[in-house]
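Student: what's the 3D shape of this:
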Amino acid sequence: MTAATVPAAPAAPSAPRRRPRPAGGSLGRYILVRFLLIFPTVFILVTLVFLFMRTTGDPITAALGGRLPADQLAERIHEAGYDRPLIVQYVEYLGHVFTGDFGRTLTDNQLVTDVLFRYGGATLELALYALLVAFAVGIPLGMLAAYFRDRWPDAVFRVFAILCYATPVFFAGLVLKLVFAVWLGVLPSSGRAGPRNEIALGRLENPTGVYLIDAIRLGDPAILGDVLQHAVLPAIALGLLTAGIFLRLVRTNVIGTFAMPYVDAARSRGVSEYRLVRRHAWKPALIPIITVIGLQVALLLGGAVLTETTFEWKGLGFELAQYLQARDFVAVQGIVALLAVIVAVVNFLVDIAAALIDPRVRY
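Tutor: The predicted structure is shown next:
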């Protein structure tokens, strides 16, 4: 007699599968973390500037030493508090900086904040012009270099990128002035506008300091054209410095995109190489450029000192060079601290833009 077959027990219902959590964190957490990193960054930069300025002694002795009698110099030092312990000066300096008080310049007794507002617009305008030049030159040439990869146009573009990055800004500015202002005489060699137009822009009510905006507000096409002509050579000299970096980034990333499966699939359907570059490869190549814009802003602000001095472009870089020559370290501290804040804020905005475009950068 065979044993009766026992029916199998019904299988227990399986637990619902949990969706795997994404590797990156939320956008809100990422923004908060990047925002909080601004404060230690600015704190470290401001501290380094303070210590570097103090390596030569107190600012009053550095600026006025040898031009005042010893008793008057000692009196000025005591009134300013530079004879106190360094840690006391440092704490007081931090307190003033975080309340927006950068002191007064020693050479012309101006509020440093007034200097920052008066000349900051000029430096911002020049940096934006230079970024436009970098985009207009670096991105198209990088795409062409990728299209002609490993051929002679590619070699030419790569050499051009190295020259752009390696050539000192002041030397590029002098060459541009020699060719276009002296030999050809087609562009002005210095300044932000002609003398008469400078006066007209200065009389504008509540000027922004950005001559392009102020010229548009005046509504005079002649003044607007003069402002743009004066901006061409400084923008090219400073913009080519960053254009070389963009060119190499675009070339490398477009070539890397060519190895992606979706590009191989498009190529197998008979899509031409030109169409692959124009329709498929160049957009992913822009993501690394966005992520390095913050670093390039620091490079542009550093290059602005030499560019503004070469072209007598009255901005923060030009004023910083003048105060350095006068050894006015109070003014130098204020200008450099503001530039540090600008770089930190721009890096924060660039990080947010990169996270919105490519969620893989979140953590």
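Student: do a quick rundown of the strands in the stretch 1-150 of the chain.
Tutor: Per DSSP state E, counting those that start in this stretch, the stretch 1-150 of the chain has no strands. Nothing in it meets that criterion.
Student: tell me the contacts of residue 34?
Tutor: Contacts here follow C-beta atoms under 8 Å, 6 or more residues apart in numbering; on that basis residue 34 touches 348, 351, 352. Glycine gets a C-beta too; all of them are placed from N, C-alpha and C.
Student: same question for residue 126.
Tutor: The neighbours of residue 126, taking C-beta under 8 Å, 6+ apart as the test, are 231, 234, 235, 238, 304, 307, 308, 313, 315.
Student: returning to what we had before: of the contacts of residue 34 - the most surrounded one?
Tutor: Ranked by the number of neighbours (other C-beta atoms under 10 Å), the contacts of residue 34 place residue 351 first, at 21 neighbours.
Student: my read is that one is in a helix, agree?
Tutor: Yes. Under DSSP: H, G, I helix; E, B strand; the rest coil, residue 351 sits within a helix.
Student: and residue 121, how close does it get to residue 314?
Tutor: Distance, residue 121 to residue 314, by C-beta to C-beta, to the nearest Å: 10 Å.
Student: ok so, going back, of the contacts of residue 126, closest to residue 55?
Tutor: Taking C-beta to C-beta as the measure, residue 55 lies nearest residue 304 of those, at 24.5 Å.
Student: average pLDDT across the helix or strand harbouring residue 338?
Tutor: Taking DSSP states H and E as the criterion, residue 338 maps to helix 329-357. Confidence for helix 329-357, expressed as mean pLDDT, is 82.
Student: and it, what other elements does it pack with?
Tutor: For helix 329-357, the contact count by 3 or more C-beta pairs under 8 Å, 6 or more residues apart in numbering; DSSP states H and E identifies helix 27-36, helix 38-54, helix 59-64, helix 112-147, helix 282-311, helix 316-325 as packing neighbours.
Student: buried residues, the fourth one. List them.
Tutor: Read that as helix 112-147. 112, 115-116, 118-127, 129-131, 133-135, 137-139, 141-147 (16 or more other C-beta atoms under 10 Å).
Student: go on, stretch 190-210?
Tutor: 191, 192, 193, 194, 197, 198, 200, 201, 207, 209, 210.
Student: ok, now which ones touch the fourth one?
Tutor: It refers to residue 194. Taking C-beta under 8 Å, 6+ apart as the definition of contact, the neighbours of residue 194 are 188, 226, 230.
Student: which one of the contacts of residue 126 is nearest to residue 247?
Tutor: Relative to residue 247, and with distances defined as C-beta to C-beta, the nearest of those is residue 238, at 15.7 Å.
Student: buried sites along the helix holding residue 338?
Tutor: Result for helix 329-357 [16+ other C-beta under 10 Å]: buried residues 329-348, 350-351, 354-355.
Student: now the angle between helix 282-311 and it, please.
Tutor: Interaxial angle of helix 329-357 relative to helix 282-311 (axes from the mean of the first three to the mean of the last three C-alpha atoms, to 10 degrees): 170 degrees.
Student: distance from the chain centre to helix 329-357, please.
Tutor: Relative to the mean C-alpha coordinate of its chain, helix 329-357 is positioned 8 Å out (C-alpha atoms, centre = their mean, to the nearest Å).
Student: what's the mean pLDDT across the host helix or strand of residue 252?
Tutor: Element membership of residue 252, judged by DSSP H and E, is helix 221-257. Predicted confidence along helix 221-257 averages 91 (mean pLDDT).
Student: now the element after it, going C-ward?
Tutor: Scanning forward in sequence from helix 221-257 by DSSP H and E, the next helix or strand is helix 261-268.
Student: which positions within that following helix qualify as buried?
Tutor: 263, 266.
Student: could you check how far residue 170 is from residue 240?
Tutor: When C-beta to C-beta is applied, the distance between residue 170 and residue 240 equals 13 Å.
Student: and for residue 247?
Tutor: 10 Å.
Student: these two: which is more packed in?
Tutor: For residue 247 against residue 240, the residue with the higher neighbour count under other C-beta under 10 Å is residue 247, and the figures read 27 against 23.
Student: that one against residue 137, yeah?
Tutor: Yes. Using C-beta atoms under 8 Å, residue 247 and residue 137 qualify as a contacting pair, with a distance of 7.4 Å.
Student: just give the nearest non-adjacent residue to residue 216, would you?
Tutor: With sequence-adjacent residues excluded and distances taken as C-beta to C-beta, 6 or more residues apart in numbering, residue 216 is closest to residue 224, at 6.4 Å.
Student: pull the contacting residues for residue 210.
Tutor: 121, 122, 124, 125.
Student: isn't the last one right next to residue 212, touching?
Tutor: Right, the one you point to is residue 125. Yes. If you go by C-beta under 8 Å, residue 125 and residue 212 touch, sitting 6.2 Å apart.
Student: many thanks, I have nothing further to ask.
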